[in-house]
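Student: After the sequence you'll find the predicted model.
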Amino acid sequence: MKLVRCAKTGNIVSGAAFFILGVILVIFPKTSLILLSRVAGAVMLASGIIRILGYFSKDLYYLAFQFDFALGILSVLFGAIFFFKPTAVISAIQVLMGVFVLINGLFALQTAMDSKKFGMKYWWILLIFSVLSSVFGLALIVNPFSTASAIAKMIGMTLLFVGAEKIFVSIYTIVTKKGKAEETYSPVDLSDFKDYTERTE
């Protein structure tokens, strides 16, 4: 369970990093795009490594980490591009960020629906976060913005939702103790979770 706790803590920290970066961009939209690319890349790299580790941890119900091997690799690849090739990224930073956020948002949407099936009390909050993240990601891809400042603010708002979503998912869906699961989920037959995990192993 130590790996699960480490993965949970890491996800919360990386979510907070995305959130803080989003706040900075909203307040200071004229932040250097090269600096933005490197910082975002570093956070993506760290987040990707954490997600891969989380996939191999023993979370009781495999809800939060079920897609994290693929998403972790994706995050590492995007992070490496953003961090090591910032000048190449600048011209299409909003599109690349949009693709990254949209993919994560769609997988989060699946997690939200699975949370509902599991009887999670606050699945609808995750649903809202995932939908908003997907919408913001799509908006970045479509790119209806005319100025660099507007793009930076939009990226900032997007990262705010991404960070909040990661924090929420980590707190409410990563379960390390059965007793905690009974508090987090609505009263259901816990044998359903056992059957589910056995089918996914």
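Tutor: Sure thing, it's come through.

Student: Sketch out the helices for the protein, chain order is fine.
Tutor: 2-27, 33-55, 68-84, 86-89, 93-118, 123-142, 148-173, 178-184, 191-200 (DSSP state H).

Student: what about the last one, average pLDDT?
Tutor: Just to be clear, that refers to helix 191-200. Average pLDDT, helix 191-200: 45.

Student: try the third one
Tutor: The predicted model assigns helix 68-84 a mean pLDDT of 93.

Student: Retrieve the pLDDT associated with the most centrally placed residue in the chain.
Tutor: Note on the chain: the residue nearest the mean C-alpha position is residue 166, at 4.5 Å, using CA atoms, centre = their mean. Looking at residue 166, its pLDDT reads 88.

Student: which residues does it contact?
Tutor: For residue 166, the contact set (CB atoms under 8 Å, 6 or more residues apart in numbering) comprises 11, 12, 14, 15, 18, 47. To be clear about C-beta, it is placed using only N, CA and C from the backbone, and glycine gets the same treatment.

Student: any idea how far it is from residue 84?
Tutor: Per CB to CB, to the nearest Å, residue 166 is found 23 Å from residue 84.

Student: Repeat that for residue 133.
Tutor: Counting by CB to CB, the gap from residue 133 to residue 84 is 25 Å.

Student: now residue 163
Tutor: Residue 163 is 23 Å from residue 84, by CB to CB.

Student: again, but for residue 122
Tutor: Distance, residue 122 to residue 84, using CB to CB: 38 Å.

Student: Can I get stretch 162-178 in PDB? Just the C-alpha atoms.
Tutor: What follows is stretch 162-178, C-alpha atoms only, in PDB (Å, rounded to 0.1, in the frame of the first residue of the first chain):
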ATOM      1  CA  VAL A 162      -7.000  19.900 -15.000                       C
ATOM      2  CA  GLY A 163      -5.300  20.500 -11.600                       C
ATOM      3  CA  ALA A 164      -8.600  20.600  -9.700                       C
ATOM      4  CA  GLU A 165      -9.700  17.400 -11.500                       C
ATOM      5  CA  LYS A 166      -6.500  15.600 -10.600                       C
ATOM      6  CA  ILE A 167      -6.700  16.600  -7.000                       C
ATOM      7  CA  PHE A 168     -10.400  15.500  -6.700                       C
ATOM      8  CA  VAL A 169      -9.700  12.200  -8.400                       C
ATOM      9  CA  SER A 170      -6.800  11.500  -6.200                       C
ATOM     10  CA  ILE A 171      -8.600  12.300  -2.900                       C
ATOM     11  CA  TYR A 172     -11.900  10.500  -3.700                       C
ATOM     12  CA  THR A 173     -11.100   7.600  -6.000                       C
ATOM     13  CA  ILE A 174      -7.700   6.300  -4.800                       C
ATOM     14  CA  VAL A 175      -8.600   3.900  -2.000                       C
ATOM     15  CA  THR A 176      -5.900   2.300   0.200                       C
ATOM     16  CA  LYS A 177      -8.100   0.900   3.000                       C
ATOM     17  CA  LYS A 178     -11.300  -1.100   2.900                       C
END
